[in-house]
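*Asks:* what would the 3D arrangement of this be:
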Amino acid sequence: MGHDHSHSHGITATGKHRKRLVAVLGITLSVVLIQVAGALFSGSLALLADAGHMLSDAAGVFIALLAAWIAARPASDQRTYGYQRAEVLAALANALVLIVISVVIFTEALRRLGSAPEVHTDVMLFAAVLGAVANLVSLLILRGAQKESLNVRGAYLEVLGDLLGSFAVIAAAVVIMVTGYQAADTIASILIALMILPRAWHLLRDVVDVLLEATPKGVDVQMIREHIMSVDGVVSVHDIHIWTITSGVPVFSAHVVVEDEALGARGADRVLDKLVTCLGSHFDTEHCTFQLEPATHAEHEAHQHA
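*Replies:* Predicted structure coming up:
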């Protein structure tokens, strides 16, 4: 005997903030073009590294937008949850691209440590300041949405890293202007690479948790078990599973053993209503499935497997 409370596949967390992502994509691509031109004219590896990072951010936002569109496609008999997991795969691609970018930057910076070329700081400083302003605007656009979606949070963290990277480029330009120490540009490149890696790792870890169907953060399984047990007529609960399809779409299922008397004469509906109400007050999900098992049947199965 089973029960599924709500089967709606509404708009995903990323899809709700599509306009914000489009705005950030436009800003990011504009700055990438300016920073690449600035890096070529100034000879700054740090500025080129920042431009490369911003380009990966733009690609990530584009992938997130594409995934949000794909995830909104309706479910089918072959894909009963639709394409909502596509958003998580996009976040995985984002994390992997960030790791590759950081390794490439770090390797090139090490190669240039012994022979840092001359850098034209005026162009470098102008492009870095412009990038910092653009990143700050993008952060403000994404700030209210980054807690609801892995993809939006990935974009937010990438923009935050870009902002810090722009500050590093600005600092390097000022150091070169004041002291003539050309290696400051290479050192700033290494710092940018080191800033990218931790963000990429955290995003990758969150994505892996979703793909491995780990219990969502902040969910106390023991507390949920105790509340289910508090429902009148419930004898025991087992096979509890809690996982996430994509950002903002948690799923719950459990086998609930109920006294035979509680299941007679429309008792099953009352038990299910109480279970759904109980779960809804402690775990925010529209996808919860309970399989009710009469106590005598559960005891029979237990003897068979003994």
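
*Asks:* I'd like the distance between residue 118 and residue 193.
*Replies:* Distance check for residue 118 against residue 193: by C-beta to C-beta, to the nearest Å, it reads 22 Å. C-betas here are computed from N, CA, C, even on glycine.

*Asks:* same check, this time on residue 207
*Replies:* Residue 207 sits 21 Å away from residue 193, going by C-beta to C-beta.

*Asks:* picking up where we left off before, neighbour count winner among residue 118 and residue 193?
*Replies:* Comparing residue 118 with residue 193 by other C-beta atoms under 10 Å, the one with more neighbours is residue 193, at 22 against 11.

*Asks:* the more buried one against residue 110, yeah?
*Replies:* No. Between residue 193 and residue 110 there is no contact under C-beta atoms under 8 Å: 9.7 Å.

*Asks:* strand partners (parallel or antiparallel) of the longest strand seen in the chain?
*Replies:* Taking DSSP state E as the criterion, the chain has its longest strand at strand 234-246. Strand pairing for strand 234-246, using DSSP bridges, gives strand 249-258 (antiparallel).

*Asks:* can I get the CA coordinates of the partner strand in PDB?
*Replies:* Taking Å, rounded to 0.1, in the frame of the first residue of the first chain, the C-alpha atoms of strand 249-258 are listed here in PDB:
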ATOM      1  CA  VAL A 249      13.600  19.400  -5.100                       C
ATOM      2  CA  PRO A 250      14.100  17.000  -2.100                       C
ATOM      3  CA  VAL A 251      12.400  13.600  -2.100                       C
ATOM      4  CA  PHE A 252      11.400  11.300   0.800                       C
ATOM      5  CA  SER A 253      10.200   7.700   0.900                       C
ATOM      6  CA  ALA A 254       9.700   5.200   3.800                       C
ATOM      7  CA  HIS A 255       8.000   1.900   4.700                       C
ATOM      8  CA  VAL A 256       5.700   2.400   7.700                       C
ATOM      9  CA  VAL A 257       4.400  -0.500   9.700                       C
ATOM     10  CA  VAL A 258       0.900   0.200  11.100                       C
END
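
*Asks:* what comes into contact with it?
*Replies:* 12-13, 84, 216, 219, 224, 228, 233-245, 268, 271, 275, 279, 283-285, 287-295, 298 (C-beta atoms under 8 Å, 6 or more residues apart in numbering).

*Asks:* C-terminal to it, what's the next element?
*Replies:* On the C-terminal side of strand 249-258, the nearest following helix or strand under DSSP states H and E is helix 260-263.

*Asks:* and the average pLDDT for that following helix is what?
*Replies:* Mean per-residue pLDDT for helix 260-263: 73.

*Asks:* do stretch 275-295 as well
*Replies:* Taken as a whole, stretch 275-295 carries a mean pLDDT of 75.

*Asks:* and it, what's buried?
*Replies:* 275-276, 278-279, 283, 285-288, 290, 292-295 (16 or more other C-beta atoms under 10 Å).

*Asks:* next, format those as TSV and append secondary structure and distance to residue 133.
*Replies:* Below are those laid out as TSV (DSSP: H, G, I helix; E, B strand; the rest coil; distance: C-beta to C-beta, whole Å):
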residue	secondary structure	distance to residue 133
275	helix	53
276	helix	50
278	helix	50
279	helix	47
283	coil	42
285	coil	41
286	coil	41
287	strand	42
288	strand	46
290	strand	53
292	strand	59
293	strand	61
294	strand	66
295	helix	67
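
*Asks:* which stretches in the stretch 151-300 of the chain count as helices?
*Replies:* Per DSSP state H, counting those that start in this stretch, the stretch 151-300 of the chain carries helices over the ranges 183-211, 221-229, 260-263, 267-282, 295-304.
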